[in-house]
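**Student:** what follows is a predicted protein model with its sequence.
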Amino acid sequence: MLKGIAGRTAVVTGGSGGIGSATARRLHAEGANVVVVDLDGAGAEAVAKELGSKAIGMRADVSSPDDNAAIIARAVEAFGSVDMFHINAGVESKVIPILNFDIADYRKVFDVNVLGVFLGAQAAVKQMMTQPDKGKIAITASIAGLKSDAGVSVYNASKHAAIGIARSLMKETGPLGIRVNVIAPGVVDTRMMRPLEEGIGALAGVDAAAIQAAMNAAVPLGRYGQPEEIAATAAWLLSDEVPYMHGEVVTVGGGLWP
């Protein structure tokens, strides 16, 4: 068991998706109380029901200040504190040249991937400051936040921004005793990869299966990551096993970066 998780309370946004649900399961297995949050409220509640005791699910829009406040309030009401906050909710972007990108789609991606990180961190820190043991925050970004590729300018930019927020935030929260770290996954076998494979394939003039094969081949370990492998890293960063890790961007990509 990882130190410092059992008996404490974790919030996981994007909690009904691949990485989010895997993280919720891992933290619960480590003994945490878990608040599973997703825009898909039914999905969040289904994950919480699967976990059983010491887990609740709720619907929330991470781009809403009021909803972020409600997330914190629900966690404190149910379990008394917010000790771990996994800011994980995210959306993929369309895979098209920047000249053709629609401003409404741009705003959707940034509302979730950037504003959602900002608001989630803001709400979590406000609560953690009031607690004796403070807390830890893990933000899901992406290796896409460290590099750039054609056709995914908006997604790349949103993940660069998420990392930028974290790097500033850690300067502010370190003196408060609140640790902040970033997880930057590579290609992970979740629902979000399917439209990306299709879009990249369309740009390249090949089918999605060819893109998936090429991506597997580009990873030194030769395969996509699994959500549980990202969840293991999130749980480790949110535990007391690594008390001196703060402001780090931890890539989990099978060697894909650098």
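**Tutor:** The structure has been received and is ready for your questions.
**Student:** relative to the whole chain's centre, how far out is stretch 148-162?
**Tutor:** Stretch 148-162 has its C-alpha centroid displaced from the chain centroid by 16 Å (Cα atoms, centre = their mean, to the nearest Å).
**Student:** give me the contact list for it.
**Tutor:** Identification of contacts with stretch 148-162 by Cβ atoms under 8 Å, 6 or more residues apart in numbering yields 92-98, 101, 105-106, 109-110, 113-114, 117, 139, 141-142, 144-147, 182, 184, 196, 199-200, 203. For the C-beta atoms, the positions are set from N, CA and C on the backbone; glycine is no exception.
**Student:** neighbours around G14, how many?
**Tutor:** Using other Cβ atoms under 10 Å, the number of residues around G14 comes to 29.
**Student:** next one: it from V242, what distance?
**Tutor:** For G14, the distance to V242 equals 23 Å [Cβ to Cβ, to the nearest Å].
**Student:** cool, V76 as well?
**Tutor:** Distance, V76 to V242, by Cβ to Cβ: 26 Å.
**Student:** show me what contacts I211?
**Tutor:** Applying Cβ under 8 Å, 6+ apart, one finds that I211 lies in contact with 197-198, 200-201, 204.
**Student:** ok, 6 Å please
**Tutor:** Going by Cβ atoms under 6 Å, 6 or more residues apart in numbering, I211 touches 197, 200-201.
**Student:** so which of these sit within helices?
**Tutor:** Assigned to helices by DSSP state H, the following of those qualify: 197, 200-201.
**Student:** could the residues you listed go into JSON lines alongside distance to M128?
**Tutor:** Putting the ones in helices among the contacts of I211 into JSON lines (distance: Cβ to Cβ, whole Å) gives the following:
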{"residue": "E197", "distance to M128": "38"}
{"residue": "I200", "distance to M128": "39"}
{"residue": "G201", "distance to M128": "43"}
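**Student:** residues in contact with V91?
**Tutor:** Applying Cβ under 6 Å, 6+ apart, we find V91 in contact with 109, 112.
**Student:** which SSE is it in?
**Tutor:** According to DSSP states H and E, V91 maps onto no helix or strand at all.
**Student:** distance of it from I230?
**Tutor:** 17 Å.
**Student:** just V180 next, same as before
**Tutor:** Remark: distance between V180 and I230 (Cβ to Cβ) = 17 Å.
**Student:** neighbour count winner among the two?
**Tutor:** A direct count of neighbours by other Cβ under 10 Å for V180 and I230 places V180 higher, at 29 against 26.
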